[in-house]
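Trainee: Just need the structure, nothing else, for what follows:
(2 chains)
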Amino acid sequence: AQSVAQPEDQVNVAEGNPLTVKCTYSVSGNPYLFWYVQYPNRGLQFLLKYITGDNLVKGSYGFEAEFNKSQTSFHLKKPSALVSDSALYFCAVRDRGNTGFQKLVFGTGTRLLVSP
Amino acid sequence: DSGVTQTPKHLITATGQRVTLRCSPRSGDLSVYWYQQSLDQGLQFLIQYYNGEERAKGNILERFSAQQFPDLHSELNLSSLELGDSALYFCASSVGGENAGQYFGPGTRLTVT
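Mentor: Next up is the predicted model:
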């Protein structure tokens, strides 16, 4: 079965500094990977996805993610963090399942706290 | 705003009761997915429908059921509720293709007392 792991429960970073939220994956076949963000009392918002192609994927709100096949990682990055980036971030992998239709398998989430 | 709507936003009910959560997908999306987010289980896939037909099942309890109607809206029915069913229930929709992303609604927060 496909799975992702987010090894950090929380990441703290100062505003203006670069941030990285880590994700590693375990899949059979080609990985289809996603990042979502959840703000307090809100639903999940899609940030970016990796299907194929360039290893550096650019997404919403200035976020990007680097796909690394040899390290089976898909870390989320941003060059300069904002206080408003503070939220819960989820890495996910597509699992096609028996019927061939996709579902998302989520990591446990990483809380990002950006201090002023 | 993802374009996916869910009602109600909040629901408080007692153990043993039955509730229905409703989801309207984005215009044009044929697939609807239900997920449960709880503190102990995290975000888990429950069930998927595509154009009215059930396509995939995840960790959905037998007390739970869902359906997708001809107008493509979906309902998740939860019965014989237990305290442990308290969670945030998300609906997501997609066009249903191979590489289609899933767009999530704001969720329904269910509290069972």
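Trainee: And the strands in the chain?
Mentor: Just so you know, I chose chain A. A:3-5, A:10-14, A:19-21, A:24-26, A:33-38, A:44-50, A:56-58, A:64-68, A:73-78, A:87-95, A:103-106, A:110-115 (DSSP state E).
Trainee: I was thinking of chain B, sorry if that wasn't clear
Mentor: Under DSSP E, chain B gives strands at B:5-7, B:10-13, B:19-24, B:31-38, B:42-50, B:53-57, B:64-68, B:74-78, B:87-94, B:103-104, B:108-112.
Trainee: give the contact list for residue B:21.
Mentor: By C-beta atoms under 8 Å, 6 or more residues apart in numbering or on different chains, the residues touching residue B:21 are B:6-8, B:11, B:75-78, B:89, B:91, B:108, B:110. Where C-beta positions appear, they are placed from N, C-alpha and C, glycine not excepted.
Trainee: let's go with 7 Å and repeat that
Mentor: B:6, B:75-76, B:89, B:108 (C-beta atoms under 7 Å, 6 or more residues apart in numbering or on different chains).
Trainee: any idea which of those residues is the one closest to chain A?
Mentor: residue B:6 (8.1 Å; C-beta to the nearest C-beta).
Trainee: quick one: least confident helix or strand in chain B?
Mentor: strand B:53-57 (a mean of 89; mean pLDDT, DSSP states H and E).
Trainee: and the strands of chain A as JSON lines, adding distance to residue B:62?
Mentor: Below are these laid out as JSON lines (distance: least, C-beta to C-beta, whole Å):
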{"stretch": "strand A:3-5", "distance to residue B:62": "25"}
{"stretch": "strand A:10-14", "distance to residue B:62": "36"}
{"stretch": "strand A:19-21", "distance to residue B:62": "36"}
{"stretch": "strand A:24-26", "distance to residue B:62": "29"}
{"stretch": "strand A:33-38", "distance to residue B:62": "29"}
{"stretch": "strand A:44-50", "distance to residue B:62": "27"}
{"stretch": "strand A:56-58", "distance to residue B:62": "39"}
{"stretch": "strand A:64-68", "distance to residue B:62": "38"}
{"stretch": "strand A:73-78", "distance to residue B:62": "35"}
{"stretch": "strand A:87-95", "distance to residue B:62": "22"}
{"stretch": "strand A:103-106", "distance to residue B:62": "19"}
{"stretch": "strand A:110-115", "distance to residue B:62": "33"}
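Trainee: Any chance of a markdown table for those strands, columns distance to residue B:34 and mean neighbour count?
Mentor: Shown next, in a markdown table, are the strands of chain A (distance: least, C-beta to C-beta, whole Å; neighbours: other C-beta atoms under 10 Å in any protein chain shown):
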| stretch | distance to residue B:34 | mean neighbour count |
| --- | --- | --- |
| strand A:3-5 | 20 | 17 |
| strand A:10-14 | 28 | 14 |
| strand A:19-21 | 26 | 20 |
| strand A:24-26 | 23 | 17 |
| strand A:33-38 | 16 | 24 |
| strand A:44-50 | 13 | 21 |
| strand A:56-58 | 27 | 14 |
| strand A:64-68 | 26 | 18 |
| strand A:73-78 | 25 | 21 |
| strand A:87-95 | 15 | 23 |
| strand A:103-106 | 10 | 23 |
| strand A:110-115 | 24 | 17 |
